[in-house]
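Engineer: predicted model and sequence follow; I will ask about them next.
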Amino acid sequence: MHRRWGIALILPALLACETVTSLLPAASTPTRPAPVTLPAAYTPTGAPRATATLPATPTASTSLSEHGAALRPEFSADLAARPHLTRYWIEVEVGLDLARARATLDGQARIRYTNPLDDQLEDVVLMLWPNDGQYDAEMTAGPVLVNGESVEPRPEMGGIALRIPLPVSLAPGALVDLSLPFHIQVDGLMTADAPSRFAITQGVLIAPTFYPLLPRLVDDAWQVEPAPPGGDTTNSDAAYYDLQITAPADQALAVSGTVVDTVVHADGRQTVRVVTGPMRDVALALGPLVLEEREVDGVILRAWVLPDHTGDLRRMLDAAETQLVALSEWIGPYPYAELDLVDAPGAFGGIEYPGLVYIGTLGTSWIIEPVVHEVGHQWFYGLIGSDQLEAPWLDEAAASYTEVLYYEAAVGPERGTTLVREFHDLVAGFASRSQTPIGLPVGEYASENEYALIVYAKGALFFDALRRQLGDEVFFRFLQEYFGDYRYGFAEPADFARAAESACRCDLDPVFDLWVEQGGPLPGP
């Protein structure tokens, strides 16, 4: 998520990645818009209601090779190397009534999951993230079929989670087949003082994680925990998605993955089939969007913007292209066939999802940093998974530092150094907080402002300090090896530290203690 601060209100909200925006403006840095605050925590009116009847279960007929359409040809072998990833088949119909400011998504999900543990599983959990306070929506799901047998799920966390008891224990390595209908409703429009992840904004429906999502298993238990305000929400493992989306044909549809078939119906609807490579989540957008695209080193970059924002198209695509090329060279190649950037006014500074990012700042002077920050998340969070709740620095600090790398590639090293100094001056300006370590969970920071200041800005400074400690040759070799080891996987802080020490063959405990674990005085720029 991208967050950044206008100097006058410096931290009331680093937007979201929700993207932190750029910090103190340099002479050549655009002025940031005024910060906004996250919506109040969601208070459910009751547990999700079960759907009365169970629609037809989607046919699980996709061969693994069909997902190759969503990968660049040189990465097609990634499929055979990961045959046991979770499979999602999702059919959903999207209704968008702009006159009433209402949207609905009615769907059916089929999920095949393989138990990765050495012990048997007694239940499975599905997350209904649109019920969280950062989403301006309500979601219901059920009843559930488990291997064809009807099971009553137990709602938890006010309807954000459904715990599904398994009729028969799932043995290690065994597969379970889940199927359930779901319904999502959005009422009202997003406003500037209440940004959201899932909402209608200026005629565009933004709908991430619009389906029941399997969380991760952590220490042999499902990670079922609320997302603190200010941070990102989901943690999930890479999976294969086969989506069938029916929506009004007169509206543009952007979605994670690659479209492999489109049927336009006589009643004015279209049905689009989309497949993905290994992705840990998917998102879509529907609305009166104008599309411009270009090919960059075998990747199709697609920019979807409102007609009023077409003047920003070239700037948006140029920034994304430069970042894509730079990070592919310095960290590792982007394996997917396309990357979509979607105009989503007011959606914080921006919000990242695999293969698709929302940019909330088009039509303002603050465009470059949100775009390159969210593109940076395709590597840190999208490809290299990490715990966005417990160790947010692994993706947010890294994505903030990719802004520095962007400026080095686009303008030159001096411009990257200028941004590092801006980060430093921002953190140093809050002396009482500047010693806080970057390695805390989201919920352990004193406020959303402190979280944004420390994880985004001080976190970028940590990456710069690590780079200076290792030297450029070793630093970029470390990033490439880290990327190679954890692409499509999930990294913990210890994995990151171990990879860095392996690259330099040195002891980095003092560096990690100062910046990540314990904190301490902020070193000079």
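Structural biologist: Arrived safely.

Engineer: how much space between L105 and F348?
Structural biologist: 21 Å (Cβ to Cβ, to the nearest Å). Any C-beta I mention is one placed from the backbone N, CA and C, and that applies to glycine too.

Engineer: between these two, who's got more neighbours?
Structural biologist: More neighbours surround F348 than the other of L105 and F348, with 30 against 26 (other Cβ atoms under 10 Å).

Engineer: show me where the stretch 51-200 of the chain has its strands.
Structural biologist: All strands of the stretch 51-200 of the chain, identified by DSSP state E, counting those that start in this stretch, fall at 86-97, 102-114, 121-127, 138-141, 144-146, 149-151, 154-156, 161-170, 175-187, 199-201.

Engineer: then the stretch 351-500 of the chain?
Structural biologist: Along the stretch 351-500 of the chain, the stretches classed as strands by DSSP E, counting those that start in this stretch are 356-359.

Engineer: which stretches of it form helices?
Structural biologist: Applying DSSP state H, counting those that start in this stretch to the stretch 351-500 of the chain gives helices spanning 368-376, 393-410, 413-428, 448-451, 459-470, 472-486, 493-504.

Engineer: so which of those comes closest to Q134?
Structural biologist: Closest approach to Q134 among these (Cβ to Cβ): helix 448-451, 11.7 Å.

Engineer: send the alpha carbons of the closest one over as CSV?
Structural biologist: Taking only C-alpha atoms (Å, rounded to 0.1, in the frame of the first residue of the first chain), the coordinates of helix 448-451 have been written out as CSV:
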residue,chain,number,x,y,z
GLU,A,448,-1.0,4.5,12.4
ASN,A,449,1.2,7.5,12.0
GLU,A,450,4.1,5.9,13.8
TYR,A,451,3.6,2.7,11.8
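
Engineer: so for that helix, what's the average pLDDT?
Structural biologist: Mean pLDDT, helix 448-451: 95.

Engineer: same deal with stretch 66-81?
Structural biologist: Averaged across stretch 66-81, the pLDDT comes to 97.

Engineer: measure it end to end?
Structural biologist: Taking Cα to Cα, to the nearest Å, the first and last residues of stretch 66-81 lie 15 Å apart.

Engineer: mind listing what's buried along it?
Structural biologist: H67, G68, A69, A70, L71, R72, F75, D78, L79 (16 or more other Cβ atoms under 10 Å).

Engineer: give the contact list for E338.
Structural biologist: By Cβ atoms under 8 Å, 6 or more residues apart in numbering, the contact list for E338 reads A70, T258, V299, I300, L301, R302, G355.

Engineer: what's the ChimeraX line that selects buried ones from the residues you listed?
Structural biologist: In ChimeraX, this line selects whichever of the contacts of E338 come out buried by 16+ other Cβ under 10 Å:
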select :70,258,299,301,302,355
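
Engineer: just the closest of the contacts of E338 to T140, please.
Structural biologist: G355 (27.0 Å).

Engineer: distance of the nearest residue to the closest one once chain neighbours are set aside relative to R197?
Structural biologist: Setting aside the residues directly before and after it, G355 is nearest to S256 in space (Cβ to Cβ, 6 or more residues apart in numbering), at 3.9 Å. To R197, S256 is 15 Å away according to Cβ to Cβ.

Engineer: the two: which has the busier surroundings?
Structural biologist: Using other Cβ under 10 Å as the criterion, S256 and R197 rank with R197 on top: 32 against 25.

Engineer: just to check, the more buried one is in contact with Y135?
Structural biologist: Yes. Assessed by Cβ atoms under 8 Å, R197 is found in contact with Y135 at 5.1 Å.

Engineer: circling back to that earlier point, wait, what's in contact with the residue nearest to G355?
Structural biologist: Shown in contact with S256 (Cβ under 8 Å, 6+ apart): 241, 274, 276, 279, 281-284, 340, 353-356.

Engineer: okay, the residues you listed in a markdown table with pLDDT and distance to H84 next?
Structural biologist: Below are these laid out as a markdown table (pLDDT from 0 to 100; distance: Cβ to Cβ, whole Å):
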| residue | pLDDT | distance to H84 |
| --- | --- | --- |
| Y241 | 98 | 15 |
| V274 | 98 | 22 |
| T276 | 98 | 16 |
| M279 | 98 | 16 |
| D281 | 98 | 19 |
| V282 | 98 | 19 |
| A283 | 98 | 24 |
| L284 | 98 | 26 |
| D340 | 98 | 28 |
| Y353 | 97 | 23 |
| P354 | 98 | 19 |
| G355 | 98 | 21 |
| L356 | 98 | 25 |
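
Engineer: with distance to V224 as extra columns, can I get those in a markdown table?
Structural biologist: A markdown table is the format used below for these (distance: Cβ to Cβ, whole Å):
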| residue | distance to V224 |
| --- | --- |
| Y241 | 22 |
| V274 | 28 |
| T276 | 25 |
| M279 | 22 |
| D281 | 17 |
| V282 | 21 |
| A283 | 22 |
| L284 | 25 |
| D340 | 30 |
| Y353 | 21 |
| P354 | 22 |
| G355 | 26 |
| L356 | 26 |
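
Engineer: which of the residues you listed sits closest to E448?
Structural biologist: Using Cβ to Cβ, Y353 comes nearest to E448 of the contacts of S256, at 21.2 Å.

Engineer: contacting residues around the residue lying closest to that closest one once chain neighbours are set aside?
Structural biologist: Excluding the flanking residues, the one nearest Y353 by Cβ to Cβ, 6+ apart is A283, at 3.9 Å. Neighbouring residues of A283 by Cβ under 8 Å, 6+ apart: I206, A207, P208, T209, F210, V255, S256, Y353, L356, Y358.

Engineer: any idea how far V146 is from A283?
Structural biologist: 27 Å.

Engineer: do P226 as well
Structural biologist: According to Cβ to Cβ, P226 and V146 sit 26 Å apart.

Engineer: the two: who's more crowded?
Structural biologist: Neighbours around P226 and V146, counted as other Cβ under 10 Å, are more numerous at V146. The numbers are 21 against 16.

Engineer: which other residues reach stretch 295-315?
Structural biologist: With Cβ under 8 Å, 6+ apart, stretch 295-315 has contacts from 72-74, 202-204, 252, 254, 285, 287-294, 316-317, 320-321, 324-325, 328, 334, 336-343, 345, 362-363, 367-368.

Engineer: in that stretch, what's buried?
Structural biologist: Across stretch 295-315, burial judged by 16+ other Cβ under 10 Å covers V296, V299, L301, R302, A303, W304, V305, L306, H309, D312, L313.

Engineer: same question for stretch 88-106.
Structural biologist: Using 16+ other Cβ under 10 Å as the test for burial, stretch 88-106 gives 88-92, 94-96, 98, 102-106.
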